[in-house]
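Structure for the following, please:
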Amino acid sequence: MDFLPLFHNLKGRQVLVVGGGEVALRKARLLADAGAVLRVVAPQIDSQLIELVEASSGLAHVRGYAEADLDQCVLVIAATDDESLNALISQQAQARGVPVNVVDAPALCSVIFPAIVDRSPLIVAVSSAGDAPVLARLIRAKIETWIPSAYGQLAGLAKRFRSRVKALFPDVQQRRVFWEDVFQGPIAERMLAGQPTEAERMLEERVAGGGTQRALGEVYLVGAGPGDPDLLTFRALRLMQQADVVLYDRLVAGPIVEMCRRDAERIYVGKRRSEHAVPQEEINRLLIDLALQGKRVLRLKGGDPFIFGRGGEEIGELAANGIPFQVVPGITAASGCAAYAGIPLTHRDHAQSVRFVTGHLKDGSSDLPWSDLVAPGQTLVFYMGLVGLPSICSELIRHGRSANTPAALVQQGTTSNQRVFTGTLGDLPQLVARNEVHAPTLVIVGEVVQLRDKLAWFEGAQVD
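The predicted structure follows:
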């Protein structure tokens, strides 16, 4: 180990920065964030750096460096383009026992700046010992995606309860088990879901009750997006990795289901037209029963659960039965499939609004407000419209939409099996009938479809 990682408290302490340019400014910003009082010395100093110095109640000296500048400083940063000066600063600082960092010169450093993930008070630092700083930054970027921003609030919550928990559990092992459960259970989930007041209330209740664990589980209603696993949100992936049971739909792509926790129980509850593997009422009851068993239940839905996904029905039942839940939006099929097909849903020249429409209603009919749907300047997106495509096109034409209106059908959008059929309201049904097309599909109607010829970008798409 070339360097021992340490975290220094610089609040109210003087730090010397020699240099007045962009590099010095970047270092000074980090130091200011840590509460340091800045002392900057350089023949020329950037105006932003001067403002930063003043904000820290420090001093800026527009002149050359002198050894006396080291006086009373607890850290020195050499950020000049003069190698001999940087070497001199390093020598003089180390002779005084003052930690020194020389930018881009690891051999002259007694301390180095890591790449930082700031979730204060939780801090993660990554270092390559100065050998590969770009690699350290790339690793930091990966860690950024793994640690939600609310983890800082979670750490702050733990700080407020630390002394009480220590009194409650004198044994170190007991405290460790308690905090592991807090950080991986419903309390943490409330904080990560943006409900800090509820998280604190639950922890207060837990501590007041002697630390006993709550038996009630939780349901995660998660949108899996239209098919491409890369379109999952960070929160969706995190919940997929920690759920005990997964209930998933037919429209959830196989690779996405495989990203769930390996040892989680998986229950298929998919639906086809007029064919439900598990009736909706039974799904609702299953979610409730599993949560009452104390399990973390993932309800994984294709697209977005609140866009023709019956998410509202399911959480309505959960709320009525007092089951905690959270909803994670997903990229809905309309935006995902349209984007991958190269069809913008709105455009200043062609469509000033967009409407999402279900291809069939709860009773199986397609009794839609056709007169509203033929208004100019709008894009129509029909979900579940494959079977009813001939009727949809003929009704739009019958109510006044031109038969020459551009229209498209997207099959298995955003995946490597994507196919896009383009035509008009007059000929799209015949075009689709001549090909073997299977759900999931999405139908897009409007002038924006004609832009596909110029804007199609997804290489995996098959064009028909």
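
contacts, neighbours, all on C-alpha from now
Noted.

who's in contact with the spatially most central residue of the chain?
Taking Cα atoms, centre = their mean, the centroid of the chain lies closest to residue 234, which sits 3.5 Å from it. For residue 234, the contact set (Cα atoms under 8 Å, 6 or more residues apart in numbering) comprises 145, 146, 148.

Residue 92 belongs to a helix, doesn't it?
Yes: counting by DSSP: H, G, I helix; E, B strand; the rest coil, residue 92 is found in a helix.

Excluding chain neighbours, give the residue nearest to it in space.
Nearest non-adjacent residue to residue 92, counting by Cα to Cα, 6 or more residues apart in numbering: residue 67, 7.2 Å away.

okay, now the one you found: neighbour count?
10 (other Cα atoms under 10 Å).

Pop out the phi and psi values for the residue nearest to the centre of the chain.
phi -60, psi -40 (degrees, to the nearest 10).

got it, and residue 451?
Torsion angles, degrees, to the nearest 10, at residue 451: phi -80, psi -10.

didn't it look like it was pressed against residue 345?
No: with contact defined as Cα atoms under 8 Å, residue 451 and residue 345 do not form a contacting pair (10.3 Å).

Between the two, which is the more surrounded one?
More neighbours surround residue 345 than the other of residue 451 and residue 345, with 25 against 15 (other Cα under 10 Å).

wait, isn't the more buried one in contact with residue 352?
No: assessed by Cα under 8 Å, residue 345 is found out of contact with residue 352, at 9.0 Å.

most surrounded residue in the contacts of residue 234?
Busiest of the contacts of residue 234 [other Cα under 10 Å] is residue 148, holding 15 neighbours.

in what helix or strand does that one lie?
Counting by DSSP states H and E, no helix or strand carries residue 148.

Report the spatially nearest residue to it, omitting neighbours in sequence.
Computed as Cα to Cα, 6+ apart, the closest residue to residue 148 that is not its neighbour in sequence is residue 192, at 7.2 Å.

measure the one you found to residue 349 for me?
Between residue 192 and residue 349 the computed distance is 41 Å (Cα to Cα, to the nearest Å).

got it, and residue 82?
Taking Cα to Cα, one finds residue 82 at 56 Å from residue 349.

what's the spacing between the residue nearest to residue 92 and residue 93?
9 Å.

Show me where the stretch 151-300 of the chain has its strands.
218-223, 245-248, 265-268, 271-272, 275-276, 296-301 (DSSP state E, counting those that start in this stretch).

Just checking: what are the partner strands of the first one?
Using DSSP bridges, the neighbouring strands of strand 218-223 in the sheet come out as strand 296-301 (parallel), strand 325-328 (parallel).

and the residue nearest to residue 99 when sequence neighbours are not counted, what does it touch?
Distances taken as Cα to Cα, 6+ apart place residue 75 nearest to residue 99, at 5.1 Å, with adjacent residues excluded. Contacts for residue 75 (Cα under 8 Å, 6+ apart) come out as 14, 15, 16, 98, 99, 100.

How many residues are close by residue 368?
What residue 368 shows, counting by other Cα under 10 Å, is a neighbour count of 15.

cool, the one 3 residues further on as well?
Neighbours of residue 371 under the rule other Cα under 10 Å: 13.

wait, isn't it in contact with residue 399?
Yes: if you go by Cα under 8 Å, residue 371 and residue 399 touch, sitting 6.1 Å apart.

Helix, strand, or coil at residue 323?
Residue 323 - assigned by three-state DSSP - is coil.

Counting neighbours, what do you get for it?
Residue 323 has 18 nearby residues by other Cα under 10 Å.

same check, this time on residue 372
Residue 372: 10 surrounding residues under other Cα under 10 Å.

separation between residue 17 and residue 121?
Between residue 17 and residue 121 the distance is 25 Å, computed by Cα to Cα.

These two: who's more crowded?
residue 17 (29 against 13).

show me the contacts for the more buried one.
Here residue 17 is in contact with 24, 28, 38, 39, 40, 41, 76, 77, 78, 79 (Cα under 8 Å, 6+ apart).

For the host helix or strand of the fourth one, enumerate the helices and strands it packs against.
Looking back up the chat, that one is residue 39. If you go by DSSP H and E, residue 39 is part of strand 37-42. Packed against strand 37-42 by the contact rule (3 or more Cα pairs under 8 Å, 6 or more residues apart in numbering; DSSP states H and E) you find strand 14-18, helix 22-33, helix 47-55, strand 59-62.

Look at residue 128 and tell me its secondary structure.
Using three-state DSSP, the three-state assignment for residue 128 comes out as coil.

For it, which non-adjacent residue is spatially closest?
The shortest distance from residue 128 to any non-neighbouring residue, by Cα to Cα, 6+ apart, is to residue 136 (5.9 Å).

Tell me, how many residues neighbour that neighbour?
Using other Cα under 10 Å, residue 136 has 19 neighbouring residues.

And residue 160, by the same measure?
11.

any idea how far residue 359 is from it?
53 Å.

can you check residue 385 too?
Residue 385 is 4 Å from residue 359, by Cα to Cα.

And for residue 178?
50 Å.

got a list of what the closest residue to residue 307 other than its chain neighbours touches?
The shortest distance from residue 307 to any non-neighbouring residue, by Cα to Cα, 6+ apart, is to residue 332 (7.0 Å). Residues in contact with residue 332 (Cα under 8 Å, 6+ apart) are 225, 226, 302, 303, 304, 307.

can you give me phi and psi for residue 332?
phi -70, psi 160.

And it, what's its pLDDT?
Looking at residue 332, its pLDDT reads 95.

what's the answer for the one 10 residues further on, then?
At residue 342, the predicted lDDT confidence score is 96.

do the same with residue 261
Reading off the model, residue 261 has pLDDT 89.

is it true that it touches residue 241?
Yes: with contacts counted by Cα under 8 Å, residue 261 reaches residue 241, the gap being 4.5 Å.

So those two - more neighbours on which side?
Between residue 261 and residue 241, counted using other Cα under 10 Å, the more crowded position is residue 261 (19 against 16).

Next, the contact list for that one, please.
240, 241, 242, 243, 244.

Which residues are in contact with the third one?
Contacts were defined as Cα under 8 Å, 6+ apart; by that measure residue 242 touches 260, 261, 296.

do the fourth one as well
Residue 243 is in contact with 260, 261, 264, 295, 296, 297, 298, counting by Cα under 8 Å, 6+ apart.

Distance of the third one relative to residue 255?
When you say that, I think you mean residue 264. 15 Å.

swap in the fifth one?
Shown here: residue 296 relative to residue 255, a distance of 21 Å by Cα to Cα.

which of those two has more neighbours?
Shown here are residue 296 and residue 255; by other Cα under 10 Å, residue 296 has more neighbours (25 against 11).

how much space between the more buried one and residue 314?
16 Å.
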